[in-house]
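J.: This is the structure alone, sequence omitted:
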DNA sequence: AGCACGCCGACT
DNA sequence: GTCGGCGTGCTC
């Protein structure tokens, strides 16, 4: 006898788990994971929709009480079942439970939706109702009294409010309905976010010669039976969006739909307006401010065919379009495309998988492609399409690299080098604008020498060591530990330590050095409130300030034609993080930052301050030379077996009890050694995660590298079983990350 | 979410 | 005693 694990509609927390059902003989062949079935559920055996997530031989429940699957759902749920198949793929690839995978893929209804869906209206005689209320008051019908009083006052009530807060269940409502006093109404009300000023404008899509060539190249690829994903490699300002628009137009014309993925931070009013101007009400936009109910509504509109284009962040990838034609991924290299929650999927890979299953195409674009995407383009797995010309032939800004070690020798200890200071006063004199950029995202407290630029690195992993309590240095990959040296091991200088400067300090220095300049600061603190992000950028755009100081957020989006100077305070901040991506991230950030200067008529200038002027990420960003950067960085990845040269699985463990966690990680390590052949094993750790403790929960990581992804997947599956069987892991939260 | 079960107050 | 509203808890 075989049994199926079925998830009943994902609508309520309480039924958010799998239930076992018997498979009738005649459905034996059809039932497999991903199939949508109809099953009897609950006391009244009401028929409900369910998703089969697995088939087993063993009954986990009292056999006599297991019910039978009624039928395979026949109503045309192809969109849904395709998404379920995608969830199954995500579960296999990234490691998670089927429930977690389904939850990320299928739109989840929530309470907000139910509230607005069912409304109760008062529709009887007011006089009669008041008499009835009189009659009811003090009687035993307390729920009826409560309810009548409330509806008389409000005239209209939400169903969930009536049943939960007033305790007026079905029986109470029945009573009033029979009397003809109330009317229940199912309201299908969409919550469309405020978009009154977003309308279609009459605009022709004008492509330049180069963009036209790119479009033709892509169309040619699409004619192939097995069209490859396209990597659109175009420098900043080469007009990638124009190309996307043209492609989307084509897809819509063919009666298909398109999804456009955009990093959350770039989802500004400007971007959204461009899409509305082009496609009018065919477009729907998702953003993270949307409640789950609002997102659900947008997905529903897509499913019904009311919109043809969905624009949004990572999660827009799961828009239930019935005839998907194209998925566009803008700024493909952005780290926000990787999910932080289980399943830790990457939107690029998942988009390609979805496109493969639904015979759609993928086009991704970037000025600084991720190593992963570019290496695939080089190998021919993706089609590489280039856009080289900068808008209106604007020259690239002139870039100078300032060696901060020299500044120290000259006795300048300020965060502003002599050159940057001079450039700033020149810019102010000409009444132009400047941006100062502090790239300290996820700043991990590396230690470097101010005199020679030497960075303390792990001898085994070649990533920066992090300072702990000011006395010890720790590697967050393998756990290597050493005492923090008092003098630089390379040059003997005592000027060794962490870099301590925030945007506030820079703001203070600017106030002192340039008291006449108007300075705006943009960082996590100043953008906490809603819309403040847009407000600051808009103010700067109107030239209400001369200098904008900020973290990564200032280098994305918005064009400021009056900005002629970009200063990078300390390029090393993102260069010396404790993971293997940092060279790539630094190159991307610096390239973007440099590209911000001189977007208008006036030529631009950029100053990059660093302790490591010879580093290839910085040199290549200064010359905007992607090829050079790619060669160096790929060499490093190949040497160290980091992705994309190999695959890496990270096992992440968290637990309140540090000892228990360490023990568990040790057992995991021992288990992996036992189940895998020695020569293929490339394990690092276990070690404390880069944030070793959050809210009293300890965190540890273990990395496993191998050229073959299948090997890692096999290890993960064995490990998942091992963890499930051993109750010792119950108290430990375990997460997998595959890259 | 939807349904049954069982408690408890009120009426016969 | 019994009837029925109303809160609680379970659903393979």
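T.: Sure thing, it's come through. Worth saying up front: this structure is predicted, and the values here are computed from it rather than measured.
J.: What ranges does the stretch 51-200 of chain A have for its strands?
T.: A:71-72, A:118-122, A:156-158, A:182-186 (DSSP state E, counting those that start in this stretch).
J.: quick one, domains of chain A?
T.: A:3-105, A:124-180, A:209-392, A:395-444+A:499-637, A:647-738 (automatic domain parsing).
J.: Dump those into CSV; add distance to residue A:493 as well.
T.: (C-beta placed from N, C-alpha, C; glycine too.) Listed next are these as CSV, based on distance: least, C-beta to C-beta, whole Å:
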stretch, distance to residue A:493
domain A:3-105, 46
domain A:124-180, 67
domain A:209-392, 34
domain A:395-444+A:499-637, 9
domain A:647-738, 27
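J.: Would you format those as TSV with distance to DNA strand C included?
T.: Converted to TSV, these look like this (distance: least, C-beta to the nearest atom of the strand, whole Å):
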stretch	distance to DNA strand C
domain A:3-105	4
domain A:124-180	3
domain A:209-392	20
domain A:395-444+A:499-637	36
domain A:647-738	17
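J.: Out of these, the one nearest residue A:457 is which?
T.: domain A:395-444+A:499-637 (8.4 Å; C-beta to C-beta).
J.: what about the closest one, how long is it end to end?
T.: Distance between the two ends of domain A:395-444+A:499-637: 33 Å, counting by C-alpha to C-alpha, to the nearest Å.
J.: and that domain, what's its mean pLDDT?
T.: For domain A:395-444+A:499-637, mean pLDDT is 88.
J.: same thing with stretch A:356-369?
T.: The model assigns stretch A:356-369 a mean pLDDT of 96.
J.: ok, back up a step: how about TSV for the domains of chain A, with distance to residue A:481 and mean neighbour count added?
T.: Shown next, in TSV, are the domains of chain A (distance: least, C-beta to C-beta, whole Å; neighbours: other C-beta atoms under 10 Å):
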stretch	distance to residue A:481	mean neighbour count
domain A:3-105	29	16
domain A:124-180	54	15
domain A:209-392	27	19
domain A:395-444+A:499-637	13	19
domain A:647-738	9	16
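J.: quick one, which of those domains is nearest to residue A:460?
T.: Closest among these, once you apply C-beta to C-beta, is domain A:647-738, at 7.6 Å.
J.: can you give me the helices for the stretch 1-150 of chain A?
T.: Ranges of helices in the stretch 1-150 of chain A, per DSSP state H, counting those that start in this stretch, are A:78-90, A:98-105, A:111-117, A:126-136, A:142-154.
J.: Over to the stretch 601-739 of chain A?
T.: Under DSSP H, counting those that start in this stretch, the stretch 601-739 of chain A gives helices at A:616-623, A:626-640, A:658-675, A:709-725.
J.: just to revisit the earlier point, so which of the domains of chain A gets nearest residue A:456?
T.: Nearest to residue A:456 among the domains of chain A is domain A:395-444+A:499-637; the distance by C-beta to C-beta comes to 8.9 Å.
J.: can you give me the offset of that closest one from its chain's centre?
T.: The chain centre lies 24 Å from the centre of domain A:395-444+A:499-637; the measure is C-alpha atoms, centre = their mean, to the nearest Å.
J.: can you pull the pLDDT of the most centrally placed residue in chain A?
T.: Nearest to the geometric centre of chain A sits residue A:336, at 3.6 Å (C-alpha atoms, centre = their mean). Note on residue A:336: pLDDT of 92.
J.: Find the nearest non-adjacent residue to it, please.
T.: Excluding its sequence neighbours, the residue lying closest to residue A:336 (C-beta to C-beta, 6 or more residues apart in numbering) is residue A:263, at 4.9 Å.
J.: before we move on, the earlier item: what about the helices of the stretch 601-739 of chain A, which gets the closest to residue A:31?
T.: Comparing the helices of the stretch 601-739 of chain A by C-beta to C-beta, helix A:709-725 comes nearest, at 22.2 Å.
J.: what angle do the closest one and helix A:658-675 make?
T.: 130 degrees (axes from the mean of the first three to the mean of the last three C-alpha atoms, to 10 degrees).
J.: helices and strands around helix A:709-725, which ones?
T.: Judged by 3 or more C-beta pairs under 8 Å, 6 or more residues apart in numbering; DSSP states H and E, helix A:709-725 is in contact with strand A:647-655, helix A:658-675, strand A:697-706, strand A:733-738.
J.: To DNA strand B, which of these lies closest?
T.: strand A:733-738 (26.0 Å; C-beta to the nearest atom of the strand).
J.: Next, the angle helix A:709-725 makes with that closest one.
T.: Angle of strand A:733-738 versus helix A:709-725, following the same axes, to 10 degrees, is 170 degrees.
J.: any idea of the mean pLDDT for strand A:733-738?
T.: Averaging pLDDT along strand A:733-738 yields 92.
J.: Tell me which residues are up against it.
T.: Residues from elsewhere that reach strand A:733-738, judged by C-beta atoms under 8 Å, 6 or more residues apart in numbering: A:93-96, A:342, A:344, A:647-655, A:709, A:712-713, A:716, A:723.
J.: on that earlier part again, name all residues that make contact with the residue nearest to the centre of chain A.
T.: Here residue A:336 is in contact with A:263, A:264, A:265, A:313, A:314 (C-beta under 8 Å, 6+ apart).
J.: isn't the second one right up against residue A:313?
T.: Put plainly, it is residue A:264. Yes - counting by C-beta atoms under 8 Å, residue A:313 is a contact partner of residue A:264 at 4.5 Å.
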